[in-house]
Every structure is written in structure tokens, then in C-alpha cells.
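A.B. asks: Next come a sequence and a model predicted from it.
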Amino acid sequence: MKDSIIQYLVGGAMLCFAIYQIVRQDYWEFSLYVTAGLAFVVMGLIKNDALPQYKKLLNVVSWLLIIGAGLLFLFLIQTEA
């Protein structure tokens, strides 16, 4: 399998799990899985070279999503303890 396809599959799985979290009404976990899933999908777009004219913008968006997911993860760890 190509690396970009794996990125799409992991991103899709995270987005499906985000839908499960919204059904459970756990909005913080939902936001974590949405940002992480979108980060994987955007990274797949970068690796696949699907939008070469927007490569710099996609890199910025992916880094913002990764940083946001990391901060949400740290926040959720802190509030669970």
C-alpha cells in the first residue's frame, strides 16, 4: 500500500471514531479525533501530491492541526487525572 493511502485510512478511522464520540456527547474527545483525523488526511494529500499548487498551505494547515491535536491531547490527559 502506498503511504498516502494509509494516511487516508487512519484519518478516516479517526473521523469515524469522532462520530462515535459525538454520539456519546463527549465533545472534547470529538474535537481531538477530528483534528487528528484531519491532520492525517491533509498529510495524505501532501504525500499524494493531489494539490501541488497548495502544497505550502497544506503544510501549514497540517502543522496547525498536529499542534492543535497535541494540545488537546495534553489538555485531556490533564483533566482526566
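C.D. replies: Great, that's in hand. Residues are numbered from 1 along each chain as shown.
A.B. asks: mind listing what the closest residue to residue 66 other than its chain neighbours touches?
C.D. replies: Nearest residue to residue 66, sequence neighbours excluded (C-beta to C-beta, 6 or more residues apart in numbering): residue 39, at 5.0 Å. For every residue, glycine as well, the C-beta is placed using N, CA and C. Contacts of residue 39 were listed using C-beta atoms under 8 Å, 6 or more residues apart in numbering, and they are 11, 62, 65, 66, 69.
A.B. asks: From the chain's centre, how far out is the longest helix seen in the chain? Work that out for me.
C.D. replies: What stands out as the longest helix in the chain, according to DSSP state H, is helix 55-80. Taking C-alpha atoms, centre = their mean, to the nearest Å, one finds helix 55-80 lying 8 Å from the centre of the chain it belongs to.
A.B. asks: For that helix, give the mean pLDDT please.
C.D. replies: If you average the pLDDT over helix 55-80, you get 95.
A.B. asks: CA atoms only: put stretch 31-48 into PDB for me.
C.D. replies: Taking Å, rounded to 0.1, in the frame of the first residue of the first chain, the C-alpha atoms of stretch 31-48 are listed here in PDB:
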ATOM      1  CA  SER A  31     -12.500  17.600  18.900                       C
ATOM      2  CA  LEU A  32      -9.300  15.600  19.500                       C
ATOM      3  CA  TYR A  33     -10.200  12.900  17.000                       C
ATOM      4  CA  VAL A  34     -11.500  15.400  14.400                       C
ATOM      5  CA  THR A  35      -8.200  17.400  14.500                       C
ATOM      6  CA  ALA A  36      -6.000  14.300  14.400                       C
ATOM      7  CA  GLY A  37      -8.100  12.700  11.600                       C
ATOM      8  CA  LEU A  38      -8.000  15.900   9.500                       C
ATOM      9  CA  ALA A  39      -4.200  16.100  10.100                       C
ATOM     10  CA  PHE A  40      -3.800  12.600   8.700                       C
ATOM     11  CA  VAL A  41      -6.000  13.400   5.700                       C
ATOM     12  CA  VAL A  42      -4.100  16.600   4.900                       C
ATOM     13  CA  MET A  43      -0.800  14.700   5.200                       C
ATOM     14  CA  GLY A  44      -2.100  12.200   2.800                       C
ATOM     15  CA  LEU A  45      -2.900  15.000   0.400                       C
ATOM     16  CA  ILE A  46       0.600  16.300   0.700                       C
ATOM     17  CA  LYS A  47       2.200  12.900   0.100                       C
ATOM     18  CA  ASN A  48      -0.100  12.100  -2.800                       C
END
